[in-house]
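In: this one's sequence-less:
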């Protein structure tokens, strides 16, 4: 298959194959970018979870130091929230703040994945459109005097290349999209683990005055004190 023949196929679809190359390039760029980011986030996140799990309790200084070791990780945001609200909010209030931080982090994790989702849907339709245009060219031969039947069949074969290209781009995008979505799910699971570990390790932290001027009661600590007194 020569370059001249590839140019012929692209022109036969009225430029649809050129657009297919652009779409494939965009899809590959998104796949490489998101794969690298999510892979690094998962590996470094696992390391941070292990370091946090090795601590029996958490102090503000320990959480700040742990967050400083991984400033670009989403888990660092949770550590920072926990350090800033340690001792001034109850466990329930802290859990709500950590949930809020997780919800705000979620859009950054699946960033640009909508592009892959769009390409998976668009590529087959675009390939079909290119094939239909190619069919017009193929059957236009019938209007010429003295046409050869092989010219029509050859034109149909050239037109089907656009559909095949669209399906190839869609299958590539679909596999990558599902794989990246699974990695996003694992990262969100890591954030839930960090949240639970923080709440467990901060359960015995002293409680100061909350922002509304009332004592912020840590219900877990209160229950433990009641159990001891009884």
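Out: Cool, the structure landed. A quick note: this is a predicted structure, and the numbers were derived from the prediction, not measured. Numbers count the residues shown, from 1 in each chain.
In: State the distance from residue 37 to residue 26.
Out: 17 Å (Cβ to Cβ, to the nearest Å). (Glycine included, C-beta is placed from N, CA and C.)
In: list the buried ones in stretch 92-112?
Out: Of the residues in stretch 92-112, 93, 94, 97, 98, 101, 102, 105, 109, 110 count as buried by neighbour count, 16 or more other Cβ atoms under 10 Å.
In: Now the helix or strand that contains the fifth one: average pLDDT?
Out: Following DSSP states H and E, one finds residue 101 within helix 91-109. Here helix 91-109 scores 87 as its mean pLDDT.
In: by how many degrees do the longest helix anywhere in the chain and helix 91-109 diverge?
Out: Longest helix in the chain by number of residues (criterion: DSSP state H): helix 149-201. Interaxial angle of helix 149-201 relative to helix 91-109 (axes from the mean of the first three to the mean of the last three Cα atoms, to 10 degrees): 160 degrees.
In: Tell me the helices and strands packed up against helix 149-201.
Out: helix 3-12, helix 16-53, helix 74-85, helix 91-109, helix 113-139 (3 or more Cβ pairs under 8 Å, 6 or more residues apart in numbering; DSSP states H and E).
In: what's the most buried one of those helices?
Out: Comparing the helices and strands packed on helix 149-201 by mean neighbour count (mean count of other Cβ atoms under 10 Å), helix 74-85 ranks first with a mean of 21.
In: Now do that helix against helix 149-201, angle only.
Out: 30 degrees.
In: what sits against the spatially most central residue of the chain?
Out: Centroid-nearest residue in the chain: residue 110, 2.8 Å away (criterion: Cα atoms, centre = their mean). Residues in contact with residue 110 (Cβ atoms under 8 Å, 6 or more residues apart in numbering) are 180, 181, 184.
In: Alright, that wraps it up for me.
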